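In: Fold the following for me, if possible:
(one chain, ligands or ions: 1)
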Amino acid sequence: ETPRKPRGRQFFANPGPTNIPDSVLLATAHQTVDFNDPNFLEVYDSCVAGLKQVLRTEHEVFLYTGSGHAAWEATLVNLLSPGETVLILESGYFSDSWAQMAQDLGLEVRMVAADWRRGVDLGAVRAALADDTAQAIRAVCVVHNETATGMTIPLPEVRAALDAAGHPALLLSDTISSLGSLDYRMDEWGIDACVGGSQKGLMLPTGMSFTGVSAKAMQAHQSSRLPKHYFNWTKMLGRRHRSFVGTVPTSFFYGLQESLRLMLREEGLEQVIARHARLARAVRAAVQHWSGNDGPQLFCLNPARYSDSVTAVLMPEGHDADALRAMALQRFNLSLGGGLGPLGGKVFRIGHLGDLNEPMILGTLATVELAMRVAGVPHAPGGVDAALATLA
Ligand code: PLP
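Out: Predicted coordinates:
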């Protein structure tokens, strides 16, 4: 079939990158300025302060030009030394990718293995910490919101496991698909380093990422020996911007200033989080309804861990998620997320984070239902009604 020329606005329902509000897009289209210009420095400083409010931290935040992977790498190389051990709690594709990176950087990786549909068992985390009588584990790495499976891991419970074991390891969290969408409290939850990126809840283009760093982690940084240059936090501290070894991506900051205004002042962080919870419930209601008649199901099997920023939907046996996605894109201009790693073709993902409201999510759900009808994917019709019932 020849692709139809898309008409109307593309419904972009990926779990990151996400929709960019018009006012953020316009703010980003700023003429180049000297990054040491006092007017820019004012914008820059207010952005860093705003970012700390979203992270709920009073500690240092280091920023990099690079996607989330850059912040992952920066965090590991600034805190650890060759051959040191990290404990990674398995959640899905992204925990495994972070583990692979750690291994490639010369770290010793221990995994707490988990079923991707349920996420890590905290009893197994406690056992792994208790077994580590020599305290070889230097850092525990957790993906707060596993974007590949649509599951949130309770960070305060991981903190409690470390505290109960009296284990001194640093607690590192990936907040890439949770920050600015789900409740996140770096200082209150005792997080030592958290990794974030621009293209999800912060509603910006891809290309900037950052790490929030506790005082304890800054201490650990002093003795870390993994090679680093562009990512070196000590180098960054010597610069006016306390970040960016190299040119500062000024345009991003005009966009960030606007997205922070929208989140912190216009809507309010509490309301942002409540909106994500509300829209996520509607998505899950639709999927749970569709699952009748041997239809698709929620991939996540642990209701306490349902993610409010992304839902992974498991296709019925014998039906290809990528074929459904391709058709939804070609015929209806709806872009859905695909399954990652071993979930390729088995799941599709509905991103419901960032700049999103009821009409947008209902449009997405109605179009998914339409696509399933056209493609002959079994499902119980009426998922949109089920979503409406949660929103009314
Ligand atoms: N961690 C999580 C939870 C993610 O969702 C992603 C990307 O989607 C990454 C890490 C990697 O970030 P990036 O693709 O921006 O490098």
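In: Just to be sure, Val368 is in a strand?
Out: No. Counting by DSSP: H, G, I helix; E, B strand; the rest coil, Val368 falls outside a strand, being helix.
In: quick one: it and the ligand, what's the gap?
Out: Separation of Val368 from the ligand (Cβ to the nearest ligand atom, to the nearest Å) stands at 21 Å. The C-beta positions use only the backbone N, C-alpha and C, and glycine is treated the same way.
In: now Thr367
Out: From Thr367 over to the ligand (counting by Cβ to the nearest ligand atom), the distance is 23 Å.
In: pLDDT value on that residue, please?
Out: On the pLDDT scale, Thr367 is placed at 98.
In: nearest spatial neighbour of it, skipping sequence neighbours?
Out: Spatial nearest neighbour of Thr367, chain neighbours left out: Leu334 (4.5 Å); criterion: Cβ to Cβ, 6 or more residues apart in numbering.
In: Same question for Val143.
Out: Closest to Val143 by Cβ to Cβ, 6+ apart is Asp174, at 4.4 Å.
In: Might you report the residue contacts of that neighbour?
Out: Gly68, Trp72, Phe94, Trp98, Cys141, Val142, Val143, His144, Cys194, Val195 (Cβ atoms under 8 Å, 6 or more residues apart in numbering).
In: Now the phi/psi pair for it, please.
Out: phi -90, psi 120 (degrees, to the nearest 10).
In: ditto for Asp45
Out: Dihedral angles (degrees, to the nearest 10) for Asp45: phi -60, psi -40.
In: and stretch 318-337, anywhere near the ligand?
Out: No. Shown here: stretch 318-337 not in contact with the ligand (Cβ under 6 Å from any ligand atom), separated by at least 9.1 Å.
In: buried set for that stretch?
Out: 319-322, 324-329, 331-334, 336-337 (16 or more other Cβ atoms under 10 Å).
In: now stretch 268-287
Out: 269, 272-273, 275-276, 278-287.
In: Same check on stretch 230-242?
Out: Tyr230, Phe231, Asn232, Trp233, Met236, His241, Arg242.
In: Name the nearest of these relative to the ligand.
Out: Phe231 (14.0 Å; Cβ to the nearest ligand atom).
In: So that closest one sits against Tyr64, correct?
Out: Yes. Applying Cβ atoms under 8 Å, one finds Phe231 in contact with Tyr64, separated by 6.6 Å.
In: so for stretch 105-113, what's the average pLDDT?
Out: 98.
In: Give the helix, strand or coil label for the residue of the stretch 201-350 of the chain found nearest the ligand.
Out: Nearest to the ligand, among the residues of the stretch 201-350 of the chain, is Thr206, at 6.1 Å (Cβ to the nearest ligand atom). Put simply, Thr206 is coil when judged by three-state DSSP.
In: Assign the nearest residue to it once chain neighbours are set aside to helix, strand or coil.
Out: Nearest residue to Thr206, sequence neighbours excluded (Cβ to Cβ, 6+ apart): Gln199, at 4.1 Å. The local conformation at Gln199, judged by three-state DSSP, is coil.
In: Could you shift the numbering so residue one becomes 59, and keep it that way?
Out: All right, first residue 59 from here; so that's Gln257.
In: residues in contact with Gln257?
Out: Going by Cβ under 8 Å, 6+ apart, the list of residues near Gln257 reads Gly74, Pro75, Thr76, Ser125, Pro263, Thr264, Gly265.
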